[in-house]
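Peer 1: Predicted model, plus sequence, below.
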Amino acid sequence: MEADLPQPLSAHEESVIALYLDAIWMEKGLSQNSLDSYRTDLTLFAQWLCLQGKNLLGVTSVDLQSYLAHRLSQKLQSRSSARFLSCMRGFYRHQLREGVLQENPMALIESPKLPRSLPKSLTEADVEALLDAPDLEDPIGLRDRTMLEVLYACGLRVTELVTLTMPQINLRQNVIRVMGKGSKERLIPMGEEAASWLEKYFREARPFLLNNLPNEVVFPSTRAQHMTRQTFWHRIKHWATVAGIDKPLSPHTLRHAFATHLLNHGADLRVVQLLLGHSDLSTTQIYTHIARTRMKAQHAAHHPRG
């Protein structure tokens, strides 16, 4: 799709996008990842409009439908289009509120109905194998093992994990303070196992990775800086291969396993919601489908009348 796009946007279009992103950052406290996604959607749409001799503030519902048809011809996933439409709804609502536009071109546009997909998860045996995969004789292996332990013990988002700083960790109370989506803070218990791995890592590997220099980052890269999400994701895939786990993985795989295994062992759904940092219980309820499916399989396998 990008191959057909024109040269960079005009200064005015760039300004329109930048002002909107600044506004929603102030209003909603969105993460940098979300802001980057919105910027990409708005920029690609603005570049396509430029080819039609139009701009973001001069579109009609027909233009939007034509762009959606163009996206469809590029075989982009429906989830991508749904995200694009969500971005456009917010953008044009903002323009109406600011008095820049008098009519909303999104008024007649409906979002595609998406199937409710179950998040991919790992069995408890898979998790054990993954946790056991790193080489503990290597400081990087010990770092990775500790990251996996903390990720699974606390159900963190990958971004929350790689951006952890020392003041966020309290080993006396075994809790981690996390700033999640929407700048919402939550305290997460990590359990004795994860805490013991952190103590070992702080003692045996972290000083080596930091070259004994002062730094508040908990899990530094080989350059003694914050690790990127992509780097850690490659580390997970590497250790999954070592562990012989031949399943589709995502950056959220251990977070999903955390929630699913808690529910399988009888945790209350609202407690899991708080631990995951979900603002809406319906977001957490999707995990009950996984637990229910596993419960039926266990019943069929072990009940005499199954």
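Peer 2: Structure received.
Peer 1: pLDDT weak spots in the stretch 201-306 of the chain?
Peer 2: Within the stretch 201-306 of the chain, the stretches with pLDDT under 70 are 251, 263, 265, 267-306.
Peer 1: try 50 this time
Peer 2: 281, 283-284, 299, 306 (pLDDT under 50).
Peer 1: Strands along that one, start to end?
Peer 2: Using DSSP state E, counting those that start in this stretch, no strands are found in the stretch 201-306 of the chain.
Peer 1: Give me the phi and psi for the residue nearest in space to the middle of the chain.
Peer 2: Closest to where the C-alpha atoms of the chain average out (Cα atoms, centre = their mean) is R157, at 6.0 Å. Main-chain dihedrals, R157, degrees, to the nearest 10: phi -70, psi 150.
Peer 1: Just to check, it is in contact with S250?
Peer 2: No. Counting by Cβ atoms under 8 Å, R157 does not reach S250; the two are 11.7 Å apart. (Each C-beta comes from the backbone N, C-alpha and C, glycine too.)
Peer 1: which of the residues in stretch 147-166 are buried?
Peer 2: By neighbour count on 16 or more other Cβ atoms under 10 Å, the buried set for stretch 147-166 is 147-164.
Peer 1: how far does it stretch from start to finish?
Peer 2: 14 Å (Cα to Cα, to the nearest Å).
Peer 1: Report the rounded mean pLDDT for that stretch.
Peer 2: For stretch 147-166, the mean per-residue pLDDT is 88.
Peer 1: ok now it, how far from the chain's centre?
Peer 2: 12 Å (Cα atoms, centre = their mean, to the nearest Å).
Peer 1: Likewise for stretch 85-98?
Peer 2: 23 Å.
Peer 1: buried residues in that stretch?
Peer 2: Buried-residue list, stretch 85-98, by 16+ other Cβ under 10 Å: L85, C87, M88, G90, F91, Y92, H94, Q95.
Peer 1: Go ahead and confirm the last one touches V59.
Peer 2: Looking back up the chat, that one is Q95. No. Assessed by Cβ under 8 Å, Q95 is found out of contact with V59, at 10.5 Å.
Peer 1: Following element in sequence after the helix or strand containing F84, please.
Peer 2: Element membership for F84, per DSSP states H and E: helix 78-97. Using DSSP H and E, the helix or strand that follows helix 78-97 in sequence is helix 124-132.
Peer 1: Determine the set of other helices and strands touching that following helix.
Peer 2: Contacts defined by 3 or more Cβ pairs under 8 Å, 6 or more residues apart in numbering; DSSP states H and E place helix 124-132 against helix 139-154, helix 229-242, helix 253-264.
Peer 1: where does L156 land in three-state SS?
Peer 2: When classified by DSSP: H, G, I helix; E, B strand; the rest coil, L156 comes out as coil.
Peer 1: Can you verify my assumption that it contacts H252?
Peer 2: No. Applying Cβ under 8 Å as the test, L156 and H252 come out as separate, 10.0 Å apart.
Peer 1: tell me which element R186 is part of?
Peer 2: R186 is part of strand 185-189, with elements assigned from DSSP H and E.
Peer 1: Now do that strand: distance to the chain's middle.
Peer 2: Per Cα atoms, centre = their mean, the centroid offset for strand 185-189 relative to its chain is 17 Å.
Peer 1: Show me which residues of that strand are buried.
Peer 2: Buried, per 16+ other Cβ under 10 Å, within strand 185-189: R186, I188.
Peer 1: how much does it deviate in direction from helix 139-154?
Peer 2: Here the directions of strand 185-189 and helix 139-154 differ by 100 degrees (axes from the mean of the first three to the mean of the last three Cα atoms, to 10 degrees).
Peer 1: Indicate each strand paired with strand 185-189 and its parallel or antiparallel sense.
Peer 2: Partner strands for strand 185-189, per DSSP bridges, with pairing direction: strand 175-179 (antiparallel).
Peer 1: got the contact list for the strand it pairs with?
Peer 2: Identification of contacts with strand 175-179 by Cβ atoms under 8 Å, 6 or more residues apart in numbering yields 150, 154, 156, 160, 164, 167-170, 185-190, 277.
Peer 1: One more pass at 10 Å, please.
Peer 2: Contact partners of strand 175-179, identified using Cβ atoms under 10 Å, 6 or more residues apart in numbering, comprise 29, 31, 150, 153-157, 160-161, 163-165, 167-170, 184-190, 194-195, 198, 218, 277.
Peer 1: repeat for stretch 53-69
Peer 2: 9-10, 12-13, 16-17, 20, 42-46, 48-50, 52, 76, 81, 84-85, 88, 91-92, 95, 100-101, 103-109, 112.
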